[in-house]
Each structure stands twice: as structure tokens, then as C-alpha cells.
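# Quick one: sequence and predicted model below, then my questions.
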Amino acid sequence: MRYGAIDLHARYSQIRIIDSDGGVLREQRVTTTPERLVAVFASFGPMRIVLESGTESAWVADALEGAGHEVVVADPNFAPMYGEFHRRVKTDTRDVAALAEANRRGWYRPAYRRSTAQRAVMRSLRARRQLVQMRSGTISVLRALLRQCGYRVGSGATSRLVARLDQMVLPPALRATVAPLRRVLEVLTAEIADMDKCLVAHAHQDSVVQRLQTVPGVGPIVALTFRAFVDNVSRFQHAGQVSSAIGLVPREDSSGERRHRGHISKAGPGELRSLLVQAAWSTWRARRSYHLREWATRLAARRGKRVAVVALARRLSRVLFAIWRDASVFDASPAAV
């Protein structure tokens, strides 16, 4: 049997093919394109190929699987994968040699690969997030420029900020200064609105997302982000694993009789974690979430609001997982929360 490995990079990648005894059959540097990667393995027939999880790994795996190979996208944090190689000397040649040997001996841990559909949703959500961040940055600069001259834009919905700006009486010079920012805000707001329409339409077509939105404070963006991250609910055995994967569980350093728990781990996707915290604030204010609100209020009295809202976000992640797993909807009764 033959075993392949790829040390993947954006422009050029290092490949290595070995036989069942570890003998090197081919090792070379190739351009990172679907055609070149498929061609370099083609003459050796179908084989198992290992590459590390990363930005480029999804499309590379799809291309090689389409050519008949078995592809393993490996978790780069799995230490035994580099067990016989000292990482103090790091080169592409040494890395690909370690990957090839790990492939031959089975010293790897496959990373989870999301479905094509959910990868597409994550790309749309990421594009929307970038637009929102650009708009927030533009608004901050705009407000600062106005404040330097003694003016303030009235509070209200972000989507209506341009309209509120147009109603202000500003000196001609200042209006000319902020005019480019106004035009940028107008374009960004329109683009975000268009993306929101597409995402909401997609949410209406997904029964899982519809059920997730029955939780107070959880809208289409939060539900879609959670759906895309989890992808397959059966890959988690219990709700606590989901909270841990999102990074909402406390760090822990315990041994023997000593137990120390610190701040949350912040592992996993920061965007989803942030959205769940925002959803927690909304849940806290929602009338329909009476028992969740009461639970968070009691915790806030002991530990403070910031701790309570993060704890509520963690609880929301578990509620969302349970709703998905059980194909149910949110139940606001005391026994359910």
C-alpha cells in the first residue's frame, strides 16, 4: 500500500509518497492548484493521503477525493502525529515526512469536516460579519469627527444613521469632510440588508434553524451560525461537549484535592461565542424567557452581571443543542429550563 502526505500552503505545497515499508517513492514541491495536486498523485493509483486542517484543506480534500483517493484532514494539535520528529527544527520537508509516517502508522486524529452546504453558509456569514465590522468602524470614525466639532448624531437604529445624519445642520466644510463616510455607510447598509434577506430566506428553508429560533433571543443569524458550526448534531455526545467546543466552559487546573477553575477557555469560534453572549442579553430581557431570566438574575446577584450573562450564553448553547438533538422546540416551563 502507498501513503501520501501534503504540507499545504497557499502558493506551494510539499508532497511525499511512501510505500508500506516507509520507502520514499516521490517527494517534491508543487503549486497549490487542484490540477497539479491531482496530477502528482495520479500515477501511483488510489491511496490514503493525510494533510493538516487549515484554510485550504477543504477544497484540496474535495479535489483529491474526486480523483479516487481517501483523504484524511488531520488535527494539527494531535501531538503523536509528530512523535518521532523534533519540532524545534521545522521545515516543510520535515513536516511532510512526519505526516507521511503518521499516515503509514495511523498516528493521526481526523479533524471534523463540515458539509459543503454548511461551508457555504459559513462563507456567507463571514462576508456579512466583515461588512458589519466595516460599518461599525466607519460609524466610529464618523462620530469622532463630529464630536471634535461639537456635534453628535442622535441614537437609534444603525440602519437609520445616514437618515439622522442628513437631518443635522452642519457647516459646509464639515459636511464635505464626512460625505465620503456617509456614502460608504449607505452602501454598506444596503449590502448588509441584501445579505440579511438572503440569509433569512435560507433560514426559512431549514427546519433545524426554524426550531432553534423558538428560543427567546435567538434570531436567524445566531441560529444559522450555530447550525453551521455544529453541522451534524450526532458528532457531539452531550450538550456539555458543544459548550466546550464553543469555548464557553471555564478553564480548569485541578489535581488531587486542589480544584481551580478560571475564566472561560475561549476555544473554538469567537464569532459564535460573541453571538451567543449577545443572544443571552436578549434572552435576559425577553418576557417569554421568564425562568431563564430568573435563573440569570439570581446568579447575577451572587457573581455579577458579566458572569451571569456568560453563564446564560453557555446554557443557551446547551438548550440549542437539545432542541436540535430532540427535534423539539423551546419550552418555557420551569422543568424545561
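Perfect, I can see it now.

# wait, what's in contact with residue 55?
Residues counted as contacts of residue 55 (Cβ atoms under 8 Å, 6 or more residues apart in numbering) are residue 10. The C-beta positions use only the backbone N, C-alpha and C, and glycine is treated the same way.

# Where does it sit: helix, strand or coil?
Taken by DSSP: H, G, I helix; E, B strand; the rest coil, the conformation at residue 55 corresponds to coil.

# Hmm, residue 81 is touching residue 110, no?
No - with contact defined as Cβ atoms under 8 Å, residue 81 does not count as touching residue 110 (11.0 Å).

# more neighbours, these two?
Set residue 81 next to residue 110 and count neighbours by other Cβ atoms under 10 Å: residue 81 wins out with 21 against 13.

# State the distance from that one to residue 103.
Remark: distance between residue 81 and residue 103 (Cβ to Cβ, to the nearest Å) = 9 Å.

# do the same with residue 176
Distance from residue 176 to residue 103, by Cβ to Cβ: 63 Å.

# mean confidence score for the helix or strand hosting residue 40?
Using DSSP states H and E, residue 40 sits in helix 34-42. In this model, helix 34-42 has an average pLDDT of 96.

# Against which helices or strands is it packed?
strand 12-18, strand 24-31, helix 57-66 (3 or more Cβ pairs under 8 Å, 6 or more residues apart in numbering; DSSP states H and E).

# still on that earlier bit, what about residue 176 and residue 103, which has more around it?
More crowded of residue 176 and residue 103, by other Cβ under 10 Å: residue 103, with 25 against 10.

# who's in contact with the one helix or strand that one maps to?
Using DSSP H and E, residue 103 sits within helix 92-105. By Cβ under 8 Å, 6+ apart, the surrounding residues in contact with helix 92-105 are 3-7, 9, 14-18, 20, 22, 27, 29, 48-52, 72, 74, 80-85, 107-108.

# Is residue 9 in contact with residue 32, as I believe?
Yes - contact between residue 9 and residue 32 holds when scored by Cβ under 8 Å: they sit 6.3 Å apart.

# Fine by me, thanks again.
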